[in-house]
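S.K.: Everything below, folded, please.
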Amino acid sequence: MNNDWLKARQTKFGAYATVYILIILAVLGMANFLAQRYNKSYDSTANKQFSLSDQTVKVVKGLPQDVNATYWDKTSAFTDPRGNARDLLDRYANLSPKFHLNYIDPDKKPQQATAAGIKGYGTLTLETSGRKQEAKSVSEEEVTGALVRVLKGSERRVCVVQGTGEHELTATSADGASLSKDLLERNNYKTQDLNLLRKPEIPKECTVVVLAGPRQEYLQPSVDAVKKYVETGGRLLIALDPPLKLKTEDVATNDALVSVLAGWGVTAEKDLVIDPSPVNQALGFSAAVVLIQKYESQPIVREMRSSPTAFPLARSLSIKTGDKSTVEKLFDTSEDAFATYNLAAAEVNPDDKNNKKGPLTLGAAISYNTGQPNVTGRVVAIGSSSWLQNNILGVRTFANRDLFLNMMNWLSSDEDLISIRPKEPENRPIMMTGRQVSLLWYTSLLALPLLIIAAGLSVWWRRR
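M.R.: Prediction:
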């Protein structure tokens with residue numbers, strides 16, 4: 001009786017143990033499957049150094065077709081924990097099953113590397129639909145840029161108006177626009193100069209025309225060319241500075257150009273916006289630099305959230321929707337800002353009763369109905385051109401780069417690319433005084449070891 005009972009009990013416990021083992025194996029197997037298929041991690045760094053940007057996530061998750069990415073390097077580099085190339089590329093692959101990632105050692109497969117045109121280690125190539133692009137480096141900005149280029153395929157050309165005092169596209173000086181050119185070319189835009197004085201006509205190959213910061217008056221034929229271009233479906237970014245009349249600044253009023261813009265629903269006021277925000281002082285800027293931190297819901301700025309942008313020497317805009325144009329506000333100043341109409345004075349009186357109080361509109365987007373099916377003119381109007389200068393565009397504290405590229409993407413009808421772009425890793429050094437360094441040295445090299453020794457002696461004494 002007891003033997004039968006014991007056998008039954010052993011059989012019962014054996015069955016329980018088998019079931020438990022099977023359940024544990026099933027859970028572990030499922031966990032491993034989910035971990036392989038859905039790779040999740042948490043980035044606790046302050047600037048999200050190990051997370052992909054909004055733009056990268058948006059582009060990769062929205063891939064319309066398969067993309068084959070191949071990274072060519074030595075086998076040892078694929079497993080080197082000091083390298084971050086594989087870590088970065090694996091994050092891309094984890095975002096979409098359409099992003100196919102391969103690692104190939106050109107030394108082990110020389111014929112394949114030669115056929116692909118690989119000339120060195122650490123090369124990333126992207127291919128889709130018969131098109132191929134090579135990333136200049138394995139950084140998020142370059143990889144995402146190459147991915148955008150290979151997806152778009154067709155050329156997008158930005159024609160920048162020059163010859164009337166605008167910011168020079170190739171100038172590397174503080175007031176030049178070479179950074180704008182670099183940004184455009186890294187994001188699959190070709191750039192070229194456009195002189196409307198020589199020939200008042202905008203070429204058909206121009207995807208977008210940029211007219212930023214003219215210092216001289218536009219002749220009527222040039223104005224007519226701009227008007228015709230937009231009203232037949234062209235795309236224009238126009239940035240007009242306030243017509244200051246100072247010793248160091250003498251900006252033409254360009255009434256003819258301003259009149260055309262007003263006909264589309266945006267009036268560029270003859271004023272100068274002042275922002276007395278204490279943040280300006282903290283950043284070392286004058287009150288003539290307007291800071292923007294709140295945006296409207298228009299697609300250009302919808303993703304900006306509270307990313308700050310800066311606009312030096314800005315004028316306010318008044319907007320209204322017309323018969324053929326729809327105007328959307330992009331952003332306003334804070335309530336503390338105001339506009340002065342005294343453009344010839346070296347100093348501004350904040351208590352002048354003629355000042356216009358904030359919030360004031362600085363940016364607007366226009367959609368122009370050409371009357372032709374599926375053909376719409378688009379204009380982005382900004383009351384400042386200095387925000388595109390190298391000395392402002394190069395400040396990483398501000399999101400002027402994101403704003404500029406978002407405008408270009410909206411103008412070229414590439415709204416799917418509008419987002420916040422990759423940020424460079426921040427250098428966050430620990431600044432310590434001499435006293436703090438000494439305290440750290442004594443604590444780590446003397447106090448802690450002595451404390452451990454004392455604890456060990458105490459335990460030994462008790463057990464003695």
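
S.K.: K12 and T18, how far apart?
M.R.: 11 Å (Cβ to Cβ, to the nearest Å). To be clear about C-beta, it is placed using only N, CA and C from the backbone, and glycine gets the same treatment.

S.K.: can you give me the helices for the chain?
M.R.: Using DSSP state H, the helices of the chain run over 2-37, 54-61, 75-79, 85-95, 110-115, 140-152, 178-186, 220-231, 255-263, 278-283, 390-393, 400-411, 434-442, 448-463.

S.K.: what's the angle between the last one and helix 434-442?
M.R.: If I follow you right, that is helix 448-463. For helix 448-463 against helix 434-442, the angle by axes from the mean of the first three to the mean of the last three Cα atoms, to 10 degrees is 30 degrees.

S.K.: just for the stretch 51-200 of the chain, where's the confidence low?
M.R.: The stretch 51-200 of the chain contains residues with pLDDT under 70 at 78-84.

S.K.: Nearest to T123 among the helices of the chain would be which one?
M.R.: Nearest to T123 among the helices of the chain is helix 110-115 (8.9 Å), distances taken as Cβ to Cβ.

S.K.: Can you list the low-confidence ranges for the stretch 301-450 of the chain?
M.R.: 419-434, 437.

S.K.: Tell me how many other residues crowd I23.
M.R.: I23 has 10 neighbouring residues, counting by other Cβ atoms under 10 Å.

S.K.: I should have written L244 there, sorry.
M.R.: 16.

S.K.: Tell me who's in contact with it.
M.R.: Counting by Cβ atoms under 8 Å, 6 or more residues apart in numbering, L244 touches 250-251, 272, 313, 343-344.

S.K.: distance of it from Q133?
M.R.: Computed as Cβ to Cβ, the L244 to Q133 distance reads 44 Å.

S.K.: Equivalent analysis for S334, please.
M.R.: According to Cβ to Cβ, S334 stands 42 Å off from Q133.

S.K.: More neighbours: which of the two?
M.R.: The residue with more neighbours, out of S334 and Q133, is Q133; 20 against 17, by other Cβ under 10 Å.

S.K.: Could you measure from the residue nearest to R215 when sequence neighbours are not counted over to L179?
M.R.: Nearest non-adjacent residue to R215, counting by Cβ to Cβ, 6 or more residues apart in numbering: G165, 2.7 Å away. As judged by Cβ to Cβ, G165 and L179 stand 19 Å apart.

S.K.: Which of these two has more residues huddled nearby?
M.R.: L179 (19 against 15).

S.K.: mind listing what the more buried one touches?
M.R.: Counted by Cβ under 8 Å, 6+ apart, L179 has contacts 390, 393-394.

S.K.: picking up where we left off before, single out the most deeply packed of the helices of the chain.
M.R.: helix 400-411 (a mean of 24; mean count of other Cβ atoms under 10 Å).

S.K.: Mind checking the helices of the chain for the one nearest to Q372?
M.R.: Nearest to Q372 among the helices of the chain is helix 220-231 (10.4 Å), distances taken as Cβ to Cβ.

S.K.: who does that closest one touch, helix- and strand-wise?
M.R.: Contact here means 3 or more Cβ pairs under 8 Å, 6 or more residues apart in numbering; DSSP states H and E; on that basis helix 220-231 packs against strand 208-212, strand 235-239, helix 255-263, strand 376-382.

S.K.: List just the one of these that sits closest to E296.
M.R.: Of all the helices and strands packed on helix 220-231, it is strand 376-382 that lies closest to E296, at 13.0 Å by Cβ to Cβ.

S.K.: What residues of the closest one count as buried?
M.R.: Going by neighbour count (16 or more other Cβ atoms under 10 Å), the buried part of strand 376-382 is 376-382.

S.K.: That strand pairs with which strands?
M.R.: strand 235-239 (parallel), strand 361-369 (antiparallel) (DSSP bridges).

S.K.: I319: which of those is closest?
M.R.: It's strand 361-369; of these, that one is closest to I319 (Cβ to Cβ) at 5.0 Å.
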